[in-house]
Structure formats: C-alpha cells, structure tokens
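Novice: just coords:
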C-alpha cells in the first residue's frame, strides 16, 4: 500500500478524523489538503476527546504533519490548537507558504454576508473561510509566506477602510500571525515527494464531504473549497500520481449541518434518538446536526466522482439503538423515478426518497467480530455501491475499529 487519500462521501461529519488517527500508524506523514477551521475532526482515546480544526489528525500518533496550500489557514486558531498539544507536535508541523490566511476581516465579512442572505442563509460557521477563499481569488489575500517577507498590508487595509472596517487592527494581526508560523513555513508539495522517494508513505486527510464540494456538491449550499479526492494534487502541489488510493468514509445514516436540500432527512423522534446516541453535534459550533436515513443515490455519486474502490463505515453502533434501518434507493420527482444524483441536483429539495428496509440493526452487539446484522449491512453496501468495505467503526474510541 502506498499513499492513501481519505475522503468523506456524504455532507461531512462522516468520522474521517477517527479513521485518519487509526490509520496514521501505517504512514510517515499526514497531510491536510483543503478546507479550514470551519470543520473539526474528533479523535477519542480512552476517556479523552481531542478535536482538531487545522492540525492533521495524525498528531496523536507522533507523525510528521503537513498543511497544504489548499488550506485556508487561520493563524490564531492554529496557535490555540497547538497550545493544547505537546511541544513535539509543533516540531513535526510544516505549513505550505502558499496557504491563504484567514483574517479578522474575513470573519466579519462572513457574518455580514450571511445576514444579507436573509431568509435563505447558507448556515456558515462564521469563521471566515468563504471570504478567505474569495480574497484568494481576488488576489487580495495574504499568504503564509508573505508573513516572512515584510508584507505590505496597504491593499487589504484600503479595502477594509472602504468597507467600514477599522484597518488599524490589520498590522497587529499580521505581527501575531507571524509569531505563530515562524519556523513552520515551507514547501509541502516538495516534502510529500521527498517522503515518497525515500520509500515513505503519506496519508491525505480531507475536510468536509463530497456533497459539500464547491463545484460538485449541492450548490449553493456547499463549502467554499474542493472536497473531492481529485483536489489532493492541487491542494498539496504534487503530481496526480502521488495522490494514491482513495478511501471513502461514510456513516450508516446521513447527517448535514446548515441549510440546503436533504432528501432523506428524518423529522420525528427517530432523528432525536439518532442524534442523541450518535452525539450528532458540530465539533466546531456545537450545532445539532440534521439527521436522515442512508442515501444510496448520493453515495453512488460520491463513489463514482472520487473513484472509490474501498470504503470505511462508521457509527454502526448507533443503529443498534434504532428499531428500523432504511436506505433510499432512488428519488421520485414529478411522476418519474431516478437513481442519478447529479440529474437531481437542480431540484434536490423537491425529490421524494424511495426507501427499502432490507433488515434491522437493532440490538447488534459489537466485540472483536462483526455481529450478523452488521455483516448483512456490509454485504448490502458492497453490492449496492460496487465497493469493498475494508474498515468498520462502532464507536468513537480509537480501538473500536474492525478491519475486514
């Protein structure tokens, strides 16, 4: 096995952090290639819970940590995160100099834009990630390498003044950000290639999920970066041949945070039960996640667009507390039925899910082996998605993982 790219197959929150932490021991480095501090990856070891927003989830395995150019980096959040970790973690961290920085202005603009959307908000976290990517496209963003080269804050300061933001805060933020990244900036793409040439392997960690991809997700209710596996080379600055094998991660039900269409959403006490048992609250905001049944239409799309051959299933233990199991096999719209997610994107909020309930997971007990109900689910998903299930997670704690 060479390099591996871990990618979410739903609307994020699939449990990628736990899987990356579990797999990291087999790799020399873990690299983030997209997103920012608007999403959190949670790792549980024993009774202690660790939530990472920018630091790759391999931190607790003592691995080399890489933050690629595709990440929108908030230096202040990074400082806070590193302060909670041993000093040796910082010694293993490399930040690509091409990372765009998230400024205080980006956060304020994020809130203003969300308010301007009125009755149709996107449900952003307010952490400034979207505006930071927009500033990158406008060529107004500071990059990590600029902090080390006496950055000229004139253009951003003038922009802030015109938009009614106090520009005098900008130099102070630059100075503090410089202290955070000093000694950590370099060329992540080159480092990934060097590791490979030396016979090593890198695990690539995605933020968010496929259905939130800026181009290929449920636009406009998406995140502001690319979340699919094909962005790994661009987000890190490596040849596509180095992206390795994709590993898709999915929950055995579906959740999403924020606004947007959600065909299989459950609006009764069952969703409350799943949310409670599965602790379905945002790692970054604490917001309760919307909960729905498994959506095979969307999953087939995500598997295809990422070229996934192997998947990991998480949170199987949650369905042990739910009396039924339902899977959406197609969408019905205006009298016709389809299994094509992409063709349904324009009217996703109007489709009616068509379900089947092939078995129940209720009462399943997990140990070192899969219970019979879980084996049925594995067989069912492998047949429906045309993939192989290689990992099963049945709890938050690191050790509650079964390799197949």
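Specialist: Ah, there it is. Being a predicted model, the structure only gives us computed values, none of them experimental.

Novice: Now the phi/psi pair for residue 401, please.
Specialist: Torsion angles at residue 401 (phi, psi; degrees, to the nearest 10) stand at phi -140, psi 140.

Novice: just checking, it touches residue 390?
Specialist: No. Residue 401 is not in contact with residue 390 according to Cβ atoms under 8 Å; the separation is 10.9 Å. Just so you know, the C-beta spots here come from the backbone N, C-alpha and C atoms, and that holds for glycine as well.

Novice: And the two? Which one has more around it.
Specialist: Neighbours were counted for residue 401 and for residue 390 using other Cβ atoms under 10 Å; residue 401 has more, 18 against 14.

Novice: Show the pLDDT at the more buried one.
Specialist: Predicted confidence (pLDDT) for residue 401: 91.

Novice: how about the helices in the stretch 251-400 of the chain?
Specialist: All helices of the stretch 251-400 of the chain, identified by DSSP state H, counting those that start in this stretch, fall at 269-278, 296-306, 341-344, 372-385.

Novice: Please list the residues outside the longest one that contact it.
Specialist: Okay, so that is helix 372-385. Helix 372-385 has contacts (Cβ atoms under 8 Å, 6 or more residues apart in numbering) with 252, 296, 299-300, 303, 311, 313, 316, 325, 327, 329, 358-364, 366, 370, 387-389, 392, 394, 404.

Novice: repeat that with 7 Å
Specialist: Applying Cβ atoms under 7 Å, 6 or more residues apart in numbering, the set of residues contacting helix 372-385 from outside is 252, 296, 299-300, 303, 313, 316, 358-361, 364, 388-389, 392.

Novice: now stretch 393-404
Specialist: 15, 18-19, 21-22, 43-45, 312-317, 366, 370, 389-392.

Novice: Quick check: nearest residue in space to residue 386, chain neighbours excluded?
Specialist: Spatial nearest neighbour of residue 386, excluding adjacent residues (Cβ to Cβ, 6 or more residues apart in numbering): residue 303 at 7.2 Å.

Novice: which residues touch the one you found?
Specialist: Applying Cβ under 7 Å, 6+ apart to residue 303 gives the contacts 9, 248, 385, 387.

Novice: sorry, back to before: indicate which one of the helices of the stretch 251-400 of the chain is closest to residue 101.
Specialist: Nearest of those to residue 101, taken as Cβ to Cβ: helix 296-306 at 28.7 Å.

Novice: what is the orientation angle of the closest one with helix 372-385?
Specialist: 60 degrees (axes from the mean of the first three to the mean of the last three Cα atoms, to 10 degrees).

Novice: any chance of the contacts of residue 303 in a markdown table, plus pLDDT and distance to residue 84?
Specialist: What follows is the contacts of residue 303, written out as a markdown table (pLDDT from 0 to 100; distance: Cβ to Cβ, whole Å):
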| residue | pLDDT | distance to residue 84 |
| --- | --- | --- |
| 9 | 98 | 30 |
| 248 | 98 | 30 |
| 385 | 97 | 38 |
| 387 | 97 | 36 |
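
Novice: quick one, helices of the stretch 101-250 of the chain?
Specialist: 104-116, 129-137, 154-162, 169-181, 188-197, 232-236.

Novice: where does the stretch 1-150 of the chain have low pLDDT?
Specialist: In the predicted model of the stretch 1-150 of the chain, residues 40-41, 44-47, 150 satisfy pLDDT under 70.

Novice: now swap in the stretch 151-300 of the chain and tell me
Specialist: Per-residue confidence for the stretch 151-300 of the chain (pLDDT under 70) gives these ranges: 151-168, 283-285.

Novice: Next, count neighbours for residue 389.
Specialist: Number of residues near residue 389 (other Cβ under 10 Å) recorded here: 20.

Novice: Now do it against residue 214, distance only.
Specialist: Using Cβ to Cβ, to the nearest Å, residue 389 is found at 29 Å from residue 214.

Novice: again with residue 341
Specialist: 17 Å.

Novice: what does residue 333 give?
Specialist: Taking Cβ to Cβ, one finds residue 333 at 25 Å from residue 214.

Novice: And residue 2, by the same measure?
Specialist: According to Cβ to Cβ, residue 2 and residue 214 sit 28 Å apart.

Novice: Show me which of those two is the more surrounded one.
Specialist: More neighbours surround residue 214 than the other of residue 2 and residue 214, with 19 against 13 (other Cβ under 10 Å).

Novice: What's the end-to-end length of stretch 249-264?
Specialist: 19 Å (Cα to Cα, to the nearest Å).
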